[in-house]
Each structure stands twice: as structure tokens, then as C-alpha cells.
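**Student:** Just need the structure, nothing else, for what follows:
(one chain, ligands or ions: 2)
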Amino acid sequence: MATAAAPRRFCRCACFCSENLYVARYGLHLRFRDEQQLRQDYGPILRSRGCVRTEDFQQLLAELEQEVERRRRLGQESAARKAFIASSYRPARPDIYTTLQGAALAPEFLAAVKYSASPGADLAGLLQWLETVSEEKRIYRVPVFTAAFCQALLEELEHFEQSDMPKGRPNTMNNYGVLLHELGLDEPLVTPLRERFLQPLMGLLYPDCGGAWLDSHRAFVVKYAPGQDRELGCHYDNAELTLNVALGKAFTGGALYFGGLFQAPGALMQPLEVEHVVGQGVLHRGGQLHGARALGTGERWNLVVWLRASAVRNRLCPMCCRKPDLVDEAEGFGDGFTREEPPTVDVCTLT
Ligand SMILES: O=C(O)CCC(=O)C(=O)O
Ligand SMILES: [Fe+2]
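**Tutor:** Ligands and ions are numbered 1, 2, ... in the order given. Okay, the predicted model is just below:
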């Protein structure tokens, strides 16, 4: 009798609970172990950014301790939210939850994917089908979804937002938005998008970043609106590659800006501004420093898919830049690490 293969186990790196803790009011990502280490590593820069009084420091300390605790519980709490939503939430647009079909995708995107999967396809040929935003930074743009699909997805996301369902934050920098796996959209939407459509494209665009070896993702929608989040601080993603699609609504401002790779000296000199175009996706390397300018008017909703290749990240965690210290995740994709021996991929180099 045939037995079903056990689902793959994914892991996080232990650094998730001690590194890259974002403190918006000081515009800093901090490493945190204890009070003494915090004072030692960041005392002067914190003072220069306004953390001057004893109360300021004590407040920061309490916030960091709370954030570490939140991160420790995150996997379990997210799984609980997902289960609750699956049993209690009634979608406004059930059509979004059926397996992704080509009809939801922009013809330009389908053509680029079709070319990428054809025999003899190469990078030069693929670039005929995409807009090159920056050759040097390897940033590209392509329409991804049809206008009708963007509209339907927005309707669903807004309906969820207005519901009384429990909601997780996309990350420490975005306080509004939705985690797609909690909503049950990984299986019908994001996994097929990654496996059937993005992988052939990314394999040609970024072979050195694991583009052909993508095996997990983290997908979320970020929302910017007056009185809510308006801008996004400079960061790099916990991903080998990122797709960022502007879903709508109507807005001004909010452009992306890109510096160099985060390991490079002077990485934020002369950033490149990239305007969002509704319906279109921007493709970039996760390690490329970037952020989003302040929203002017309107509301901006963007789908961000962090694409991960365990073959690359198992060797070096992009967040702590060390060999990952693996912690098993009970379910889901964790942070995309696995305990398997990775195949050989020539990994990203500084360019
Ligand atoms: O559009 C946004 O605000 C998110 C941008 C971002 O961080 C990304 O593309 O990775
Ligand atoms: Fe990002």
C-alpha cells in the first residue's frame, strides 16, 4: 500500500528572536539580548536619536522584551488564528479561494512566463517581455494580475479587515494589512503563483539567488492610509527575492526607493525611486536595501511575496548573516529553512 509523503518541515533561525528588532521612533533595527548588551552596543546612537532620559531607555527595554516574547509565540498564535478563521470566516469573494487560473493573470505576465518555460529561453530573451527598471540593481517590472482580479482581491481583503476576525501583523514595520496564509490563501493563490508562474521567471532573472529553487514564501498585504501607516523605513527582506504588486486603490506618493545590497558599503547612497503602477509588480532581490516614501493621498494596498530558496538560506541566514541556528516550526513554511542537505547553487554575490 502506498503511503503519502510526510509534509516537509520548515524551520526558523533562532536569530528571529534576538536580531533585527525594529524601533520605529528611533529608526533603528536592534540586536537585543539583555540590558547591558543594549547599552553597550547602542548607547551612543540611541542617545543621538533622542533616547536620552532613564525613562526613555526603560520604555525601550520593556518594548524590546515584549517584542521578543511576541516573536517566541508567533508561530503558535498564527496557526491558532488560521484555524479560527478557517472555521468562522465567511469570505466576500469566495472566487478568490479557488485555485489560481491563468485568467486572473495579466497577458504580459503570462507571455513572460511562457517564454521563460520554453526551450532555449535565456535572460536576454526574457528581458524583451519585462520592463527593466534598473539593470545595475536588477529590478524589473511587469503587470501581474488583471484589473478585475486586483479589484476582487481588494474587496476580499477589505471585507476581512472590517470583520472581527483575529489579525496578525505582516511584520514589525507594518501595523495594517493581512497575512495571506492566515486567510487560507496560500494553497489556492500564492503557492501556485510561486510554483507555476514565478519560478520559471525568477530562475532566469536571478539564478544566483536561488530563483530556480524557490520552495517556500511568506505573503502579506500591506496597507497605507491617512491616520494609519504612511511610509516604510529602510530595510532588507527576509527573502532571497521579492515580488511587490500594487493592488490599488487610487493614491499618490508611496514610491519605493532602492539602495545597494545591504552588505555593500554606502548602500543607501543615491537611492533609485520607483513609482508604483496599479496592477503591476516590481521584482527585486530581498537583500537590496529599500523602503517606501510617505503616502500623499488615498489608500495604497500592495501584495508582497517574499520568495525563499532553502538551498540558499540553509547556508547563510540573511538576517544574522551566519549559518542558521535552526528551530523547528510545527506547521507552515517557518522562515523557509530546512534541515536537508541543499543542492549546490552559486549564491548571490555583491554586484
Ligand atoms: O510597498 C511597500 O510598502 C512594501 C515594499 C517592500 O518592502 C518590498 O517590496 O519588499
Ligand atoms: Fe521589503
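**Student:** Just want the most central residue of the protein.
**Tutor:** For the chain, residue 306 is the residue whose C-alpha lies nearest the centre (Cα atoms, centre = their mean; 3.6 Å).
**Student:** What about it? Give its phi and psi, please.
**Tutor:** Here is the backbone geometry of residue 306 (degrees, to the nearest 10): phi -90, psi 120.
**Student:** and if you look at residue 300?
**Tutor:** phi -120, psi 130.
**Student:** With residue 28 instead?
**Tutor:** According to degrees, to the nearest 10, residue 28 has phi -130, psi 140.
**Student:** Next one, pLDDT for the residue nearest to the centre of the chain please.
**Tutor:** Per-residue pLDDT puts residue 306 at 98.
**Student:** so it touches residue 284, yeah?
**Tutor:** No: the criterion here is Cβ atoms under 8 Å, and residue 306 misses it with residue 284 at 11.1 Å. In short, each C-beta sits where N, CA and C put it, glycine included.
**Student:** Check the contact lists of the two and give me the overlap.
**Tutor:** Each of residue 242 lies in contact with both residue 306 and residue 284 under the rule Cβ atoms under 8 Å, 6 or more residues apart in numbering.
**Student:** SS state for the nearest residue to the residue nearest to the centre of the chain once chain neighbours are set aside?
**Tutor:** Leaving out its chain neighbours, the residue that sits closest to residue 306 by Cβ to Cβ, 6 or more residues apart in numbering is residue 239, at 3.3 Å. Reduced to three states with DSSP: H, G, I helix; E, B strand; the rest coil, the structure at residue 239 is coil.
**Student:** For residue 79, see how far away residue 239 is.
**Tutor:** Using Cβ to Cβ, to the nearest Å, residue 239 is found at 21 Å from residue 79.
**Student:** Also residue 244?
**Tutor:** On the measure of Cβ to Cβ, residue 244 and residue 79 end up 26 Å apart.
**Student:** With residue 331 instead?
**Tutor:** In this view, residue 331 and residue 79 are 6 Å apart by Cβ to Cβ.
**Student:** same thing with residue 67?
**Tutor:** 20 Å.
**Student:** And residue 110, by the same measure?
**Tutor:** In terms of Cβ to Cβ, residue 110 sits 34 Å off from residue 79.
**Student:** what about residue 302, helix or strand, and which?
**Tutor:** According to DSSP states H and E, residue 302 maps onto strand 300-308.
**Student:** What of residue 297?
**Tutor:** For residue 297, the enclosing helix or strand under DSSP H and E is strand 295-298.
**Student:** Do any residues in that strand lie close to ligand 1?
**Tutor:** No: counting by Cβ under 6 Å from any ligand atom, ligand 1 has no neighbours in strand 295-298; the shortest distance is 9.2 Å.
**Student:** Against which helices or strands is that strand packed?
**Tutor:** strand 251-253 (3 or more Cβ pairs under 8 Å, 6 or more residues apart in numbering; DSSP states H and E).
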